[in-house]
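Chemist: Quick one, fold the following:
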Amino acid sequence: MRNSGLSEPPGPRKPLDPQGDDPLDQAVWRLRSRACWDDAAALLAPRAATEPGAALQRTAVLIERCVFTAGGWGAAEDSLRATEALATEDDERGAAACERGHLAYASTLLGVQDRADEARSALGRAAALLTPHSPTRPLLDFRRGLIAQHLSDNPSDATAAFQRAHTGATAQGHQLLLSFTWRHIAAMAEHDGRPAEARHGYAESLRIREELGYLVGMAPALVSLAAVVDDPAEADRLCEEAGRLVRLLGGVPTWLAERLR
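Modeler: Below you'll find the predicted structure:
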């Protein structure tokens, strides 16, 4: 798919959205939204040593760094193992399995190591462990959609999974996840030759990211929208803005920096 790209994934629980009162969550959000993943992980480290929720959030931070930079795999794997060791309840184990599936998916998609079978197995395990109303369920649906879209080349399954994730994210108020579901629903519409729906979805994804201040995710949203707008001058403007943001963040995401050279 020409414009599907690599999904820069949201984390496993709502504190990724900058809406809570917890100062730690707010500080972590500010750092990771500006590509400062090491600093965000360091802030979480004390709690992550003993608290399953913080350990899960730290793991999500480090996996996000892998996706944006194609590096840091060892640190993400170590954090994930620690998270799995702390998990005692089914929902915690399911959320950890969801992160394992995503790490394996990213490794496969970026050509680091083929872990497609591990990705599918881990997400299947997460589906068995998570309750239907778990806050992680919409994220799981989204990530199963990514597998169908990018690894299985199954557009119909991908679209259905993204729609389920979109419905769940809307019901739970996961604004950042909605920016991703909009983005990938738009990619499926573009793939199916429905440009008006694609433009709408990409525009909604960009709007949410701008409202949330998700700086690191704005360049991919701009490039996706540029690919489907009718006006060539507008497309050039969007790509120029994307390039400016990538340079501002020091060449992140690395896979997009290469395209914009």
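Chemist: Kindly state the pLDDT recorded for the residue sitting furthest away from the middle of the chain?
Modeler: Each residue of the chain has a distance to the centre, and by C-alpha atoms, centre = their mean the biggest one is for residue 233: 29.4 Å. For residue 233, the pLDDT comes out at 97.
Chemist: Just the element for it, please.
Modeler: helix 232-248 (DSSP states H and E).
Chemist: cool, residue 114 as well?
Modeler: Short version, using DSSP H and E: residue 114 is in no helix or strand.
Chemist: any idea where the strands of the stretch 1-150 of the chain begin and end?
Modeler: Here the stretch 1-150 of the chain has no strands by DSSP state E, counting those that start in this stretch.
Chemist: for it, what are the low-confidence residue spans?
Modeler: Residues of the stretch 1-150 of the chain that meet the criterion pLDDT under 70 lie in 1-20.
Chemist: Do you have the helices of it handy? List them.
Modeler: 23-32, 37-48, 52-69, 73-86, 90-109, 116-129, 137-146 (DSSP state H, counting those that start in this stretch).
Chemist: Then the stretch 151-261 of the chain?
Modeler: Under DSSP H, counting those that start in this stretch, the stretch 151-261 of the chain gives helices at 155-172, 175-191, 195-212, 218-226, 232-248, 254-260.
Chemist: what packs against the second one?
Modeler: Okay, so that is helix 175-191. Under the contact criterion of 3 or more C-beta pairs under 8 Å, 6 or more residues apart in numbering; DSSP states H and E, helix 175-191 touches helix 137-146, helix 155-172, helix 195-212, helix 218-226. In short, each C-beta sits where N, CA and C put it, glycine included.
Chemist: what about the residue lying closest to residue 257 once chain neighbours are set aside, how many neighbours?
Modeler: Nearest residue to residue 257 in three dimensions, chain neighbours excluded: residue 251, at 4.5 Å (C-beta to C-beta, 6 or more residues apart in numbering). Residue 251 has 15 neighbouring residues, counting by other C-beta atoms under 10 Å.
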